[in-house]
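Asks: prediction below, plus the sequence it came from.
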Amino acid sequence: MKAVLLSLGTRGDIEPFLAVAEKLKRSGCDVVCSFPMQFQTYVDETKYKFYGLSEKFLEVIEGEKAKLLIGGKGNLFQKVSAMIWILKNARPMQKEVIVQQHDIIEAEQPDIIVYNQKCLYPAVWGLKHNGKTTLLSPLPCTIHEYDRHASLGMGNDLGSFLNKLTYRFSNFFLFLTIKSSTKKYHRELGLKINLATIKSHILKKEKTIYTISPNLFTRPSDWGAHVRVVGYHEKASGSDWEPAQELLAFIEKYERIIFITFGSMLNPNPQRNTNDILSVLVKHHVPAVINTASGGLIRPERKPDHLFFTDSIPYEWILPKMYAAVHHGGSGTTHMTIKYGCACLIIPHILDQYVWNELLSELGVGPKGFSMKKFSARRFEEKLLDLLHIEEYKNNAVRIGNEMQKEQFEDYLIDTILN
């Protein structure tokens, strides 16, 4: 059986698919992966056949224009101009990747397809090949209604009625985009498609898996049986990474170390934000391992001994050795920090990160964070001291992490995709 996995986005959108790929391969499937071209080296480590999608997608969402929209930098005119630029450039890019998705599927003739909602062609292919497609999302609050939180990007808790309304609003534009952007292939597939057809297929029929731990997010009881929360699945480490002796000595020397990372998230003022963070860590002599990653944080020319900087480190290695973590709130980072028992402070940048900030605060594993747009040394100091001194946060994180370690959802996930 051949499985094609299609995903667009940043590393947080790709890793869940690689975790699922490992499980499909163990079940006997021939796995083909198709992600943005920037991830080719990352996928090559896994030995799966790979098709690279247009590099332009990441260039748009990680470029300077996107920084203006995500962060607090720039005036209203600059933000509106950035939005217009992104929309103008997104349309031809979208057409290009849809053609690529079509051509890959035609070339491979898969038995099953697993895709995320940014990949639009598999949604209409699934109308023709009922039961052979599975929509995968590592994020809550995307397509299926959740009455406790608005749809991503449309606010937090607006009340049950308005929350549900936001999903209908955002889904309308998603379904309209699917219909219009795939129109050239409807006749080829032998389909007559309208918005009602797409809506019914996606919301009532399409197998959907949320790769989220039920210990962090409770599946709403009004979701259909075709929509499942299948647990968090961590990609096996294929790296030959070894810790430097300096890092081992640092961890041996200090207690209650904080891990700080913004992952693949960028912001308009990394130098200023780094300076604010360092001023608080130095003031209270808090030992920290700081991951500069994609550039959301900056390594200083000089640093005190109780701070350790790195630009790449396996989370599964470092997190079990940390007391707590400060991070952006990406789905993968959120799951891993709690799985390994770290109390958490989230500084959300975009979309689902605000949802995870709310959910983790409700679970009592850390103080409720604040938006990156409102970052300041004063706010960070207040929240960091709470994170360090309220023991209940750490105790709750360890308790929930122990439950996550016990989760056994591989068979459930594979059964959902294959059957």
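Replies: Thanks, I have it. Numbers count the residues shown, from 1 in each chain.
Asks: so in this protein, where's the weakest helix or strand by average pLDDT?
Replies: Sorted by mean pLDDT, DSSP states H and E, the helices and strands of the chain end with helix 64-70, the least confident at a mean of 56.
Asks: quick check: Thr134 touching Val114?
Replies: Yes - applying Cβ atoms under 8 Å, one finds Thr134 in contact with Val114, separated by 4.8 Å. For the C-beta atoms, the positions are set from N, CA and C on the backbone; glycine is no exception.
Asks: common neighbours of the two, please.
Replies: Listed as contacting both Thr134 and Val114 by Cβ atoms under 8 Å, 6 or more residues apart in numbering are Ile417.
Asks: against Ser7, how distant is Thr41?
Replies: Thr41 sits 16 Å away from Ser7, taking Cβ to Cβ, to the nearest Å as the criterion.
Asks: so which of these two has more stuff around it?
Replies: Ser7 (25 against 9; other Cβ atoms under 10 Å).
Asks: just give me the neighbour total for Pro16.
Replies: Using other Cβ under 10 Å, the number of residues around Pro16 comes to 28.
Asks: can you classify it as helix, strand or coil?
Replies: When classified by DSSP: H, G, I helix; E, B strand; the rest coil, Pro16 comes out as helix.
Asks: ok, it - contacts?
Replies: Residues in contact with Pro16 (Cβ under 8 Å, 6+ apart) are Ser7, Leu136, Pro138, Thr211, His233, Ser331, Gly332.
Asks: check Lys303 too.
Replies: Counting by Cβ under 8 Å, 6+ apart, Lys303 has contacts Leu278, Phe309.
Asks: quick check: it is in a helix.
Replies: No - per three-state DSSP, Lys303 lies outside any helix segment and is coil.
Asks: where do the helices sit along the stretch 51-200 of the chain?
Replies: In the stretch 51-200 of the chain, the helices defined using DSSP state H, counting those that start in this stretch lie at 56-61, 64-70, 76-108, 121-128, 160-181, 186-189, 195-200.
Asks: worst average pLDDT in the ones you listed?
Replies: Among those, helix 64-70 has the lowest mean pLDDT, at a mean of 56.
Asks: on that earlier part again, and the contacts of Pro16, which is closest to Thr261?
Replies: Of all the contacts of Pro16, Thr261 sits closest to Gly332, with 11.3 Å by Cβ to Cβ.
Asks: host element of the closest one?
Replies: helix 331-339 (DSSP states H and E).
Asks: which residues are contacting that helix?
Replies: By Cβ under 8 Å, 6+ apart, helix 331-339 touches 12, 15-16, 138-139, 212-213, 215-216, 232, 234, 259, 261, 263, 315-316, 319, 325, 327, 344, 346, 352, 356, 360, 365, 397, 400-401, 404-405.
Asks: pull out the buried positions in the lengthiest strand in the chain.
Replies: Scanning the chain for the strand with the most residues, using DSSP state E, yields strand 30-36. For strand 30-36, burial by neighbour count (16 or more other Cβ atoms under 10 Å) applies to Val31, Val32, Cys33, Ser34, Phe35, Pro36.
Asks: for it, packing partners?
Replies: strand 2-6, helix 11-26, strand 49-53, helix 76-108 (3 or more Cβ pairs under 8 Å, 6 or more residues apart in numbering; DSSP states H and E).
Asks: need the winner for burial among those.
Replies: When the helices and strands packed on strand 30-36 are scored by mean count of other Cβ atoms under 10 Å, the highest mean neighbour count falls to strand 2-6 (a mean of 24).
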